[in-house]
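Peer 1: kindly return the folded structure for what I paste below:
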Amino acid sequence: MQIHVSPRHLTLTAAIHGYVADKVEHLESIAEEIIGAHCVLIHDEGGAVQKKYQVKVHLAIPGPDVHAESYDSDLYAAIDKVVDKLARQLRKRKTRVKLRNRHVAQVKVERKKRFG
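Peer 2: Residues are numbered from 1 along each chain as shown. This is a model prediction of the structure:
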């Protein structure tokens, strides 16, 4: 998986890059088909204290892409929140795909029984 980190109005340190990479790589345990991730880290000086940092992540996967964003006063907390949102979306997607496959298989069995 390719991970691109784009900072806006902040300095990208090795610690921040490593933290983002570790968190995003952890999402591969949920969905192995992730092709790439693009993370945008935004620091807003003039904004509200609660929304000082904004993190946007876009995951490229087969089918519709998954994306999420989060705000927080701490950059690391915002990263944690957005990764939690993405994990929730990926689990929901995985469940939907599994149920769809199960339904398709069941329809095939019923058709085979009915038509021989």
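Peer 1: which residue is nearest the middle of the protein?
Peer 2: Using CA atoms, centre = their mean, the residue of the chain that lies closest to the mean C-alpha position is Leu86, 3.4 Å off.
Peer 1: which of the helices or strands spans that one?
Peer 2: Under the assignment given by DSSP states H and E, the secondary-structure element containing Leu86 is helix 75-115.
Peer 1: now do that helix: which elements does it pack against?
Peer 2: Packing partners of helix 75-115 (3 or more CB pairs under 8 Å, 6 or more residues apart in numbering; DSSP states H and E): helix 14-26, strand 36-43, strand 53-60, strand 66-72. The C-beta positions use only the backbone N, C-alpha and C, and glycine is treated the same way.
Peer 1: include distance to Leu90 and mean pLDDT when you put these into a markdown table, please.
Peer 2: What follows is the helices and strands packed on helix 75-115, written out as a markdown table (distance: least, CB to CB, whole Å; pLDDT from 0 to 100):
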| stretch | distance to Leu90 | mean pLDDT |
| --- | --- | --- |
| helix 14-26 | 11 | 96 |
| strand 36-43 | 12 | 96 |
| strand 53-60 | 8 | 96 |
| strand 66-72 | 6 | 96 |
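Peer 1: rebuild those as JSON lines, extending it with mean neighbour count and distance to Pro7.
Peer 2: Putting these into JSON lines (neighbours: other CB atoms under 10 Å; distance: least, CB to CB, whole Å) gives the following:
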{"stretch": "helix 14-26", "mean neighbour count": "15", "distance to Pro7": "8"}
{"stretch": "strand 36-43", "mean neighbour count": "19", "distance to Pro7": "5"}
{"stretch": "strand 53-60", "mean neighbour count": "20", "distance to Pro7": "11"}
{"stretch": "strand 66-72", "mean neighbour count": "18", "distance to Pro7": "15"}
